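**Q** just need the structure, nothing else, for what follows:
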Amino acid sequence: MISAKVLNAILFQAGWLACVAGGNAWALPAGALILALHGWLVERSARGWAFMVLAALLGLAMDLGWQRLGLLEFHGTLGAGIPPWLVVLWLLFATTFAHSLAWLHERLALAALLGAVLGPLSYVAGVELGAATTRFPLWQVALAMAPAWALLLPLLLFLARAPRTLATEVLP
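**A** Okay, the predicted model is just below:
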């Protein structure tokens, strides 16, 4: 039988592809299915879901910053904001912190390094797949994003370890 961590990683990667390559048309049904499976198989606590919402909000704030700075333009926006597929993507990414990325909880320096490299590469792949556009060379986009990702990934890992404290601030 497949482990929960491996299943979480596979489902996230499938969701990432649905969101980035399929846009809103694929992200919403695929995301709903994956999040429902996550809720059914793994996460049943309100605190765990509160962390996922908090993580998604932090990530979306960062992405809105990239957009407002003119670094990226995400496709599929409804109006002038963040596209629904990106909301789904951040919720899916948030499922990984207590599961497939849990091995990084005690390795925050490594998480910073991995965040600085892999976070920006995800955006580069997204641009290459047509989910976003940029006026800048992709290496400059990745370089500009690296410091933020070096901070965000360890922060989210830290917050994932303390969901009781944070969730009690979000949930009564």
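**Q** for the rest of this, base every contact and every neighbour count on C-alpha atoms.
**A** Noted.
**Q** least confident secondary structure element in this protein?
**A** In the chain, no helix or strand scores lower on mean pLDDT, DSSP states H and E than helix 163-170, which sits at a mean of 50.
**Q** Ala98 is in contact with Met52, correct?
**A** No. Using CA atoms under 8 Å, Met52 is not in contact with Ala98; the gap is 9.8 Å.
**Q** neighbour count winner among the two?
**A** Per other CA atoms under 10 Å, whichever of Met52 and Ala98 has more neighbours is Met52, with 24 against 21.
**Q** which residues does the nearest residue to the more buried one once chain neighbours are set aside contact?
**A** Spatial nearest neighbour of Met52, excluding adjacent residues (CA to CA, 6 or more residues apart in numbering): Ala94 at 5.0 Å. By CA atoms under 8 Å, 6 or more residues apart in numbering, the residues touching Ala94 are Phe51, Met52, Val53, Ala55, Ala56.
**Q** of those, grab the buried ones for ChimeraX.
**A** Buried residues among these (16 or more other CA atoms under 10 Å), as a ChimeraX selection:
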select :51,52,53,55,56
